[in-house]
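Student: no sequence on this one, just coordinates:
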């Protein structure tokens, strides 16, 4: 009777583990052998850079306090309440705060637990961007895009903090990735998925997420393989409908709850989340009506910060509302330099591609380059808190 050594399963398990480890680093058959290891190396360096010293990271106190309150109560979690008593919400939609609150609920209240979601979001953005660019322009272009994103100063800064922009960028890059797949296949499913990603991005940064829609729609209309323009227009319309439904779903649900059963909506005159989003955080940023909101109970932390002179807004920095506000003062220093880069990138990709593709349809690569020029600036330009 044969006796099987007890160490055999362990040995087999160990070998299986090593094979799985090597498989992760091995490039797919349609990519060069160096592509996957290079991408993972970029992601690993980014993860170390974003996460280094995050236990002592400098965080935004207002949203940090809100995430803590939301982590202690499911009622406060759903409504995005600023205070533990659930009397008033934060002044923006709570999409990004949901992830932070979940992290705090799992790991406890620590600075690193507050920052951890943004570190993960930053690394995932690098991986998704590589896939989107490689699909259209090859692995070299994909790795270049991933490396540039990983070391861009604003990307590093956002991934080491607790503001919502890192989640916004991840979701919009996912939308661009789905759109790039739709450009090559004409898949309505992929285009609808892009609409879902933009709708979720709306939960993180509101109207700013919609700024990429013209670019994504134009790319699909000009380059998708669907033969008839009417078909492509119908696809874009359906994707727009999906975007609107996903974007407005939480706002509508909150609006249906009686006011006495939920926190007051900060930043609104009438306790309406629609007013908060489209007036206070929307048109009001252009007209100046967002500075003072009559009738709304002020957030205690905002009052203290304003009285101490530590609140940094367009008002306290002397920047007048208007269409040019992102091109003035510190906002221009933070994100304005991306605008000329976007125009150069769009021009460089569009004209050669249009010439090669003929007079009736742009090549997917050139159209996505032109669209990316606009969307890179619109999604990365900082919006004041």
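Tutor: Here it is on my side, so go on. It should be emphasised that the depicted structure is a prediction, and the values quoted were computed from it without experimental measurement. Numbers count the residues shown, from 1 in each chain.
Student: what about the stretch 101-250 of the chain, any weak spots by pLDDT?
Tutor: Applying pLDDT under 70 to the stretch 101-250 of the chain picks out residues 227.
Student: repeat that for 90
Tutor: The model of the stretch 101-250 of the chain has pLDDT under 90 over residues 152-155, 185-186, 223-229.
Student: does residue 117 touch residue 105 like I think?
Tutor: No - if you go by C-beta atoms under 8 Å, residue 117 and residue 105 don't touch, sitting 12.0 Å apart. For glycine as for every other residue, the C-beta is placed from the backbone atoms N, C-alpha and C.
Student: stretch 58-74: how far from the chain's middle?
Tutor: Here stretch 58-74 is found 19 Å from its chain centre; the criterion is C-alpha atoms, centre = their mean, to the nearest Å.
Student: next one: stretch 200-215
Tutor: 9 Å.
Student: neighbours of residue 124, how many?
Tutor: Neighbours of residue 124 under the rule other C-beta atoms under 10 Å: 16.
Student: give the contact list for it.
Tutor: residue 170 (C-beta atoms under 8 Å, 6 or more residues apart in numbering).
Student: in whichever strand or helix holds it, what's buried?
Tutor: For residue 124, the element it lies in under DSSP states H and E is helix 111-137. By neighbour count with 16 or more other C-beta atoms under 10 Å, helix 111-137 contains the buried residues 111, 113-137.
Student: residue 186 is in contact with residue 221, isn't it?
Tutor: No - at 11.9 Å, residue 186 does not count as touching residue 221 under the criterion of C-beta under 8 Å.
Student: so what's the backbone phi/psi at residue 148?
Tutor: phi -60, psi -40 (degrees, to the nearest 10).
Student: the one residue sitting closest to the centre of the chain and residue 135, how far apart?
Tutor: Geometric centre of the chain, nearest residue: residue 168, 1.7 Å, by C-alpha atoms, centre = their mean. Distance, residue 168 to residue 135, using C-beta to C-beta, to the nearest Å: 22 Å.
Student: so how far is residue 89 from residue 276?
Tutor: Taken as C-beta to C-beta, the span from residue 276 to residue 89 is 8 Å.
Student: do the same with residue 55
Tutor: For residue 55, the distance to residue 89 equals 29 Å [C-beta to C-beta].
Student: can you give me the angle whichever strand or helix holds residue 173 makes with helix 111-137?
Tutor: In this structure, residue 173 is located in helix 165-185 according to DSSP H and E. Angle, helix 165-185 to helix 111-137, by axes from the mean of the first three to the mean of the last three C-alpha atoms, to 10 degrees: 20 degrees.
Student: mind checking what helix or strand follows helix 165-185 in sequence?
Tutor: Next in sequence after helix 165-185, counting helices and strands by DSSP H and E, comes helix 188-205.
Student: who does that following helix touch, helix- and strand-wise?
Tutor: helix 95-107, helix 165-185, helix 213-223, helix 229-255 (3 or more C-beta pairs under 8 Å, 6 or more residues apart in numbering; DSSP states H and E).
Student: quick one: the ones you listed as a markdown table, columns for distance to residue 149 too.
Tutor: Below are those laid out as a markdown table (distance: least, C-beta to C-beta, whole Å):
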| stretch | distance to residue 149 |
| --- | --- |
| helix 95-107 | 19 |
| helix 165-185 | 9 |
| helix 213-223 | 17 |
| helix 229-255 | 24 |
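Student: for the ones you listed, which one ends up most surrounded?
Tutor: helix 165-185 (a mean of 25; mean count of other C-beta atoms under 10 Å).
Student: returning to that earlier point: of residue 55 and residue 89, which one has the most company?
Tutor: Legend: neighbour count by other C-beta under 10 Å for residue 55 and residue 89, higher for residue 89 (27 against 11).
Student: thought that one was touching residue 78?
Tutor: No - with contact defined as C-beta under 8 Å, residue 89 does not reach residue 78; the gap is 10.5 Å.
Student: nearest spatial neighbour of residue 36, skipping sequence neighbours?
Tutor: The spatially closest residue to residue 36, leaving aside those adjacent along the chain, is residue 27, at 3.9 Å (C-beta to C-beta, 6 or more residues apart in numbering).
Student: tell me the SS of the one you found?
Tutor: What DSSP: H, G, I helix; E, B strand; the rest coil gives for residue 27 is coil.
Student: now do the one 3 residues further on
Tutor: Applying three-state DSSP to residue 30 yields a three-state assignment of coil.
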